[in-house]
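Visitor: 3D, please:
(2 chains)
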Amino acid sequence: MPLFDRLYNFAHWLTQDRQEAEDLVQETYVKALKGFRSFQQGTNFRAWIYQILRNTFLTSRTGLKSTATVPLEPENENENLPASNDTPETILLQRSDQRLVQEALTRLSVPYREVLLLCEFEEMSYQEISATLAIPMGTVMSRLSRARRALRDTVQELQGA
Amino acid sequence: MACEHWTEKLDAYVDGELPAGEARALDEHLRECSSCATQTLRKVQQKRAIHAAGQKFKPDPAFRARIQKTIAAPKPTLWNRRWLPILATATSAVLLIAGALFLTLRGSKQQLISELVDQHVATLASANPVDVISTDRHTVKPWFAGKIPFTFNLPELQGSPFVLVGGRVSYLNQSPGAELIFRVRQHQISLFIFQDQELREAGMNEPARTALSFEVRTWRHNGLRYFVIGDASPQDLDKLSELIKAAG
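Guide: Predicted coordinates for the structure are as follows:
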């Protein structure tokens, strides 16, 4: 089960709880085996199974709660985010302190956390992310951009705290 | 072209999602614009920070065993023909998972190369690209003693178009290695040397020729793995690779 470790890691990031993550992964595997016929050959298997995991999470109690608290936002707006004034020193700090980045990721809303993990950790292409999250490519790009900014702001807040 | 044009494309660039033509044009821009180069470096570093932070939770071995049991196909019985579709499903699942494993392994190979390309780009963009500044291989090589767990030989560059700029300690998969920076005309080339065993454990075996429009040469020698990465011409990379191989 080569995807098992990664699916579990992703599930734990989403649920923030070991027991719930285990339930989520188990349900994902059961659904994947049952719905195997709905998987179309030639399409992306990884995106398919992550999609099952994520949809299962969204309909769980924790999932419903986590998305209910996320404010709606204009994701397709082509706004220009202001350039950052980071100095090389703050950049290096961000890179070196892994626990700080993990804490910041935990504090992000689920949509931001999941898009960052799919892009940076799972190294999915925009197209795979679009398939997994069932959102258009434009939304993938704008959400990623916002999520990155939110993470950087959170890291800076934590550094200042 | 103005920076505003590029600022909004930097994300797609570092994600490897910019079309090749645009990526090349942005490469050119980054060489001339320190502001965009710094922003790119920051984005690459943030990507790497999140990548490293993303691996946090490991499944419990007992849970793994439980799942394996759950997804194992039930035992067939002679009088029950229902096992046929189950077997078919299980077989396809195994094939798919093997395919996913292949993709994962291939992903990790590409990931290692792109990590080295990232490090090369970071070196290009850095204000202090090297930790030991010297054109003398007899200064650079001893500097690494005690900093990395192996030693290596550097070629004699006199009479060649290449100049040694200096070196720094680099890391790949938490293992230390050497990064040597060479210059040929206006291009910088990074030579990375790591212990081959460490990379084999990471599942990296296949050489790649290009990544993100950078030329890549890689080979093994005496238990070490060499990577030469740069945007110089393929001929220059081959030539430098030959010189390094000859120094063995």
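Visitor: domains of chain B?
Guide: Residue ranges for the domains of chain B, per automatic domain parsing: B:1-49, B:91-248.
Visitor: Mind telling me which of the ones you listed the model trusts least?
Guide: Per-stretch mean pLDDT for these is lowest at domain B:91-248 (a mean of 79).
Visitor: List the contacts of whichever residue of chain A sits closest to chain B.
Guide: At 2.9 Å from chain B, A:F121 is the closest residue in chain A, using C-beta to the nearest C-beta. C-betas here are computed from N, CA, C, even on glycine. Contact analysis of A:F121 by C-beta atoms under 8 Å, 6 or more residues apart in numbering or on different chains lists A:9, B:50-51, B:54-55.
Visitor: pLDDT at residue 76, what is it?
Guide: Since you didn't name a chain, this refers to chain A. The model's pLDDT for A:N76 equals 51.
Visitor: my bad, chain B
Guide: So B:P76 comes in at 46 (pLDDT).
Visitor: Can you point out the helix or strand that includes B:E179?
Guide: Per DSSP states H and E, B:E179 falls inside strand B:175-184.
Visitor: err, B:E242, not the other one
Guide: Short version, using DSSP H and E: B:E242 is in helix B:234-247.
Visitor: now that helix and strand B:175-184, what's the angle there?
Guide: 120 degrees (axes from the mean of the first three to the mean of the last three C-alpha atoms, to 10 degrees).
Visitor: what about A:E122, neighbour count?
Guide: 21 (other C-beta atoms under 10 Å in any protein chain shown).
Visitor: and the nearest residue to it once chain neighbours are set aside, which of the three is it?
Guide: Among residues not flanking A:E122 along the chain, A:R6 sits closest, at 6.9 Å (C-beta to C-beta, 6 or more residues apart in numbering or on different chains). Three-state call for A:R6 (DSSP: H, G, I helix; E, B strand; the rest coil): helix.
Visitor: Surely B:G16 and B:S114 touch.
Guide: Yes - B:G16 is in contact with B:S114 according to C-beta atoms under 8 Å; the separation is 7.3 Å.
Visitor: what about the residue nearest the centre of chain B, which helix or strand?
Guide: Geometric centre of chain B, nearest residue: B:I113, 2.4 Å, by C-alpha atoms, centre = their mean. Remark: B:I113 resides in helix B:83-125, with elements defined by DSSP H and E.
Visitor: before we move on, what about A:M141?
Guide: helix A:137-160.
Visitor: helices and strands around that helix, which ones?
Guide: Packing partners of helix A:137-160 (3 or more C-beta pairs under 8 Å, 6 or more residues apart in numbering or on different chains; DSSP states H and E): helix A:88-96, helix A:98-107, helix A:110-116, helix A:126-133, helix B:10-14, helix B:34-54.
Visitor: let's go with 6 Å and repeat that
Guide: The elements that helix A:137-160 packs onto, with contact taken as 3 or more C-beta pairs under 6 Å, 6 or more residues apart in numbering or on different chains; DSSP states H and E, are helix A:98-107, helix A:110-116, helix A:126-133.
Visitor: For the host helix or strand of B:G21, which outside residues touch it?
Guide: Element membership of B:G21 [criterion: DSSP H and E] is helix B:20-32. Where contact means C-beta atoms under 6 Å, 6 or more residues apart in numbering or on different chains, the residues beyond helix B:20-32 that reach it are B:6, B:13, B:36-37, B:213.
Visitor: Provide the secondary structure category for B:N153.
Guide: Assignment for B:N153 (three-state DSSP): coil.
Visitor: residues touching it, list them.
Guide: B:247-248.
Visitor: Narrow the contacts of A:F121 to those that are buried.
Guide: Burial of the contacts of A:F121 was assessed by neighbour count (16 or more other C-beta atoms under 10 Å in any protein chain shown); the buried members are A:9, B:50-51, B:54.
Visitor: thinking again about what came up before, quick one, which of the helices and strands packed on helix A:137-160 is packed in tightest?
Guide: helix A:110-116 (a mean of 22; mean count of other C-beta atoms under 10 Å in any protein chain shown).
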